[in-house]
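K.L.:
can't give you the sequence, but here's the structure:
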Ligand code: ZN
């Protein structure tokens, strides 16, 4: 079976980016929420055989309770002439997400407290929710709000908020060992691309690619509604958390910004060091931040009772781009090449996690004679010959049982693949043994 490192050498990034973006076009119009048909339909359409879990309303999950299921068929506001001035069918962001059902005729003044807009960005529709406080409302362009004339408005919200289920998706890819990598993405936002769909589609594509390669580690993909979904997953799968060795939350991963990594709460977990190593070799630059207790679902995985080694990888972080939580976070804002770039970096992180290990030099007194063993220029192209020799010297010297290959790569300031290749050559020559 192919190795991940070989797959990385043959990636067709433009094709992968186009593939993910095309799926985004398909999923974009769906009105997703933390429960209901929108998230269910989204998970069903993903190109991997996801197992869908349905957790009934009222189920206690850690300190929370699974809420009622929300579904919406239609919603609009009509003016006195019978014209739809706000129409849910035109954009899923028009409805205050989780709006309770409502029908009535209101004056403009009565309607206004239920309307949300962005005066600073008059052409963008905001994204607003009211999950845990029963309310109804509409979101609209500020320009359109200003154009509303005094008079009576007919309001229809054909939604339901009833006992039902919370849906989450899970896909498990077993490896040679039970040590797991957790990849978690929130899937509950309606027509928003960077915040939501970028992570969803990168995760689904990662799963499709990992199916094709030999895996030392097992991989668990979870697609959950934000906050309540990861809390539900943790509540129902606490026994599985003991196998999680590394984890990544992926979100806002398809915009033009440089990659940002938020460390796990542990701060120095292997995944934290692996991501930092991969990013250090990215020419476009990057930023690494310490853990903080808000953000996406890493805050649940890193709550003190679990404290899992789960970090979060983004491009521009949530809240730091003006398009965040507005209709401008759309199919133009997320570009195929940025999706592909994030995907490639995550695969590089996985390659480090797959290939890392600690070894013992079998000839530690003086340098072993490499030439006699045919190890000079034995592998790689001519261009890499010097790097490969240096990598062997680093691996031999620091393989005293105290340093992993990743730590040696950091000391040597060499990309992990050179260190891994050197270790393979030294293992084949009997100069190294795995601990
Ligand atoms: Zn969000």
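P.N.:
Yep, it's here. Remember, it's a predicted structure, so these values are computed and weren't measured experimentally.
K.L.:
I figured residue 419 hits residue 395, correct?
P.N.:
Yes - between residue 419 and residue 395 there is a contact under CB atoms under 8 Å: 6.1 Å. All C-beta spots, glycine's among them, are computed from the backbone N, C-alpha and C.
K.L.:
which neighbours do those two share?
P.N.:
In terms of CB atoms under 8 Å, 6 or more residues apart in numbering, residue 419 and residue 395 are both contacted by the residues 405, 408.
K.L.:
where do the helices sit along the protein?
P.N.:
When assigned using DSSP state H, the helices of the chain occupy the ranges 4-9, 13-27, 37-45, 108-111, 142-146, 198-210, 228-236, 270-280, 298-301, 336-355, 382-398, 405-412, 416-428.
K.L.:
For the second one, name the packing helices and strands.
P.N.:
Secondary structure elements in contact with helix 13-27, counted by 3 or more CB pairs under 8 Å, 6 or more residues apart in numbering; DSSP states H and E, are helix 37-45, helix 198-210, helix 336-355.
K.L.:
now the second one: how far from the chain's centre is it?
P.N.:
Spelled out, it's helix 198-210. 9 Å (CA atoms, centre = their mean, to the nearest Å).
K.L.:
Which residues belonging to that helix are considered buried?
P.N.:
By neighbour count with 16 or more other CB atoms under 10 Å, helix 198-210 contains the buried residues 198-207, 209-210.
K.L.:
tell me the domain boundaries of this structure?
P.N.:
4-66+165-355, 70-162, 358-434 (automatic domain parsing).
K.L.:
and among these, the most buried is which?
P.N.:
domain 4-66+165-355 (a mean of 20; mean count of other CB atoms under 10 Å).
K.L.:
Tell me how far the nearest residue to residue 394 once chain neighbours are set aside lies from residue 383.
P.N.:
Of all residues not flanking residue 394 in the chain, residue 412 sits nearest, at 4.1 Å (CB to CB, 6 or more residues apart in numbering). Counting by CB to CB, to the nearest Å, the separation of residue 412 from residue 383 is 18 Å.
K.L.:
In contact with the residue lying closest to residue 355 once chain neighbours are set aside, which residues are there?
P.N.:
Nearest non-adjacent residue to residue 355, counting by CB to CB, 6+ apart: residue 420, 4.4 Å away. Applying CB under 8 Å, 6+ apart to residue 420 gives the contacts 5, 355, 405.
K.L.:
any chance of those in CSV, plus distance to residue 136?
P.N.:
As requested, these are exported to CSV (distance: CB to CB, whole Å):
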residue, distance to residue 136
5, 53
355, 53
405, 57
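K.L.:
Minimum pLDDT in these, which residue is that?
P.N.:
Across the set of the contacts of residue 420, residue 5 stands lowest in pLDDT, at 89.
K.L.:
Go ahead and confirm it touches residue 351.
P.N.:
Yes - under the criterion of CB under 8 Å, residue 5 makes contact with residue 351 at 5.3 Å.
K.L.:
Can you check which residues contact both of the two?
P.N.:
Contact with both residue 5 and residue 351 is made by residues residue 417, according to CB under 8 Å, 6+ apart.
K.L.:
what does the model give the residue positioned nearest the centre of the chain for pLDDT?
P.N.:
Nearest to the mean C-alpha position of the chain, by CA atoms, centre = their mean, lies residue 250 at 1.6 Å. You'll see residue 250 listed with a pLDDT of 98.
K.L.:
Spit out the contact partners of the residue lying closest to it once chain neighbours are set aside.
P.N.:
The shortest distance from residue 250 to any non-neighbouring residue, by CB to CB, 6+ apart, is to residue 199 (4.0 Å). Contact analysis of residue 199 by CB under 8 Å, 6+ apart lists 185-186, 249-253.
K.L.:
do the same with residue 18
P.N.:
residue 336.
K.L.:
farthest residue from the center of the protein?
P.N.:
Most distant from the centre of the chain: residue 372, at 48.3 Å, with distances by CA atoms, centre = their mean.
K.L.:
what's the distance between that one and residue 363?
P.N.:
As judged by CB to CB, residue 372 and residue 363 stand 11 Å apart.
K.L.:
what do you get for residue 157?
P.N.:
According to CB to CB, residue 157 and residue 363 sit 76 Å apart.
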